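Visitor: Any chance you can model this:
(one chain, ligands or ions: 1)
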Amino acid sequence: MTLQMANRKLPSRTGLPELSDAQFGQWRELLETRMGISLSEQRKPLFVSGLRARMREIGCEDYQAYYQRLRAPHSMPEWAILIDRLTVHETRFFRDPDALDLVERVLLPGFAGPGGRSLQAWSLGCASGEEAYTLAMLLDRALTTGPDTVPRFGITATDISRPALDTARQGEYAQRRLAGIPQEYRQTYCETLSPQRFRISERLRRRICFSPLNLSELERFPLDGFDLIYCQNVLIYFDRGERHGLLDRLAGRLAPGGLLVLAPGDVLSWTHPALERIRCAGTLAYQRRVDPEARD
Ligand SMILES: C[S@@+](CC[C@H](N)C(=O)[O-])C[C@H]1O[C@@H](n2cnc3c(N)ncnc32)[C@H](O)[C@@H]1O
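Guide: As a prediction, this is how the structure comes out:
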């Protein structure tokens, strides 16, 4: 079937025609080659609804015209918006208490007390920032001795979605999101802006560097030696084989003793010679061996 023929199909409820299998195949290839994102057949409905949402926003009614626009040179700004519409940014403060508890018990004691070195963490797939600010609250409370002392941690937070990162950098959220933050943290780290909005304190905002990063282009990311890599609910965008390859590369970015925290179900049966699985109910986490012989 040619694309033109496919476009003559009956319009869907949105006013746009159905996306044919051939067109879907074209988009799959383009996403794979340009963004390193693989799209399985099961994700077609989700992809189509994101694609249509973006096309409606810009008043485009022809899949082929939009496809050509994204194939053209200098199309990165439009790619950034489309990727944002195709990805789910669902997140919340203190989303995974079991994982946070594990970080507190397994990792933080090694950094507490005076004279310890600064802890470096990476929130990977940070969406609108709630995950990174959650980690910042946890680390600041555990590692800093007083409000006047310099926090002894830094957080790098990355995501493929630039609009989500813009929200994250502002650190301002609707008051209803406050409900997820335990009372003892709210008082110290959240400032009321209005009855509808609150903001994360400047002290924490200054500790986090938000940057765009496509996980498929990990080789472009220059940092390593992380004590904590927190990567939850992001690997779902990759197929099983790709997940293992990505995790192998993330393992190489950990400092000795560093912790890799995933969400339960993010990956099955992955192992790495330099990492040890931490067995703790309701969590999926690995620790890099301190042994200097441990190899990537
Ligand atoms: C469901 S949210 C998870 C947010 C947060 N980690 C949490 O668990 O609450 C998934 C995030 O992964 C990001 N993402 C999807 N594909 C990505 C990729 N290839 N590289 C980097 N981030 C990606 C999305 O933009 C989205 O913000």
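
Visitor: Residue 123 sits in which helix or strand?
Guide: Counting by DSSP states H and E, the element that carries residue 123 is strand 119-124.

Visitor: pLDDT averaged over that strand, what's the number?
Guide: In this model, strand 119-124 carries a mean pLDDT of 98.

Visitor: Over to stretch 245-261?
Guide: 97.

Visitor: Over to stretch 149-166?
Guide: Throughout stretch 149-166, pLDDT has a mean value of 93.

Visitor: 869 is where my numbering starts, stick with that
Guide: Got it, first residue is 869 now, which makes that one stretch 1017-1034.

Visitor: ok so, going back, could you identify the helix or strand that succeeds the strand holding residue 991?
Guide: Scanning forward in sequence from strand 987-992 by DSSP H and E, the next helix or strand is helix 998-1011.

Visitor: Partner strands of the helix or strand following that next one, with direction?
Guide: Once the chain leaves helix 998-1011, the next helix or strand it forms, by DSSP H and E, is strand 1021-1027. The strands that strand 1021-1027 pairs with in its sheet are strand 987-992 (parallel), strand 1076-1080 (parallel) (by DSSP bridges).

Visitor: Residue 972 is nearest to which of the ones you listed?
Guide: Minimum separation from residue 972 across the strands paired with strand 1021-1027 (CB to CB) falls at strand 987-992, 12.1 Å. Glycine gets a C-beta too; all of them are placed from N, C-alpha and C.

Visitor: Residue 949 is in contact with residue 1031, correct?
Guide: Yes: between residue 1031 and residue 949 a contact is recorded at 7.4 Å, counting by CB atoms under 8 Å.

Visitor: For the stretch 919-1068 of the chain, what lies in contact range of the ligand?
Guide: Proximity of the stretch 919-1068 of the chain to the ligand, by CB under 6 Å from any ligand atom, involves residues 955-959, 963, 993, 995, 999, 1027-1029, 1032.

Visitor: which two in the residues you listed are spaced the farthest apart?
Guide: 963 and 1028 (18.9 Å).

Visitor: Give me the more crowded residue out of these two.
Guide: residue 1028 (24 against 16; other CB atoms under 10 Å).

Visitor: Just name whatever secondary elements the helix or strand that contains residue 969 is in contact with.
Guide: Using DSSP H and E, residue 969 falls within helix 965-970. If you count contacts as 3 or more CB pairs under 8 Å, 6 or more residues apart in numbering; DSSP states H and E, helix 965-970 packs onto strand 1122-1130.

Visitor: ok, then the element right after the strand it packs on?
Guide: Proceeding N to C from strand 1122-1130, the next assigned helix or strand is strand 1143-1146, under DSSP H and E.

Visitor: Check which element follows that next one along the chain.
Guide: Strand 1143-1146 is succeeded, C-terminally, by strand 1152-1156 (DSSP H and E).

Visitor: anything in that next one near the ligand?
Guide: No: judged by CB under 6 Å from any ligand atom, strand 1152-1156 makes no contact with the ligand; its nearest approach is 12.3 Å.

Visitor: what is the rounded mean pLDDT of that strand?
Guide: 98.

Visitor: Taking strand 1122-1130 as reference, get the angle to that strand.
Guide: 180 degrees (axes from the mean of the first three to the mean of the last three CA atoms, to 10 degrees).

Visitor: Counting by contacts, list what strand 1152-1156 packs against.
Guide: Judged by 3+ CB pairs under 8 Å, 6+ apart, strand 1152-1156 is in contact with strand 1122-1130, strand 1143-1146.

Visitor: possible to save the ones you listed as JSON lines with distance to the ligand and mean neighbour count?
Guide: Shown next, in JSON lines, are those (distance: least, CB to the nearest ligand atom, whole Å; neighbours: other CB atoms under 10 Å):
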{"stretch": "strand 1122-1130", "distance to the ligand": "10", "mean neighbour count": "21"}
{"stretch": "strand 1143-1146", "distance to the ligand": "18", "mean neighbour count": "17"}
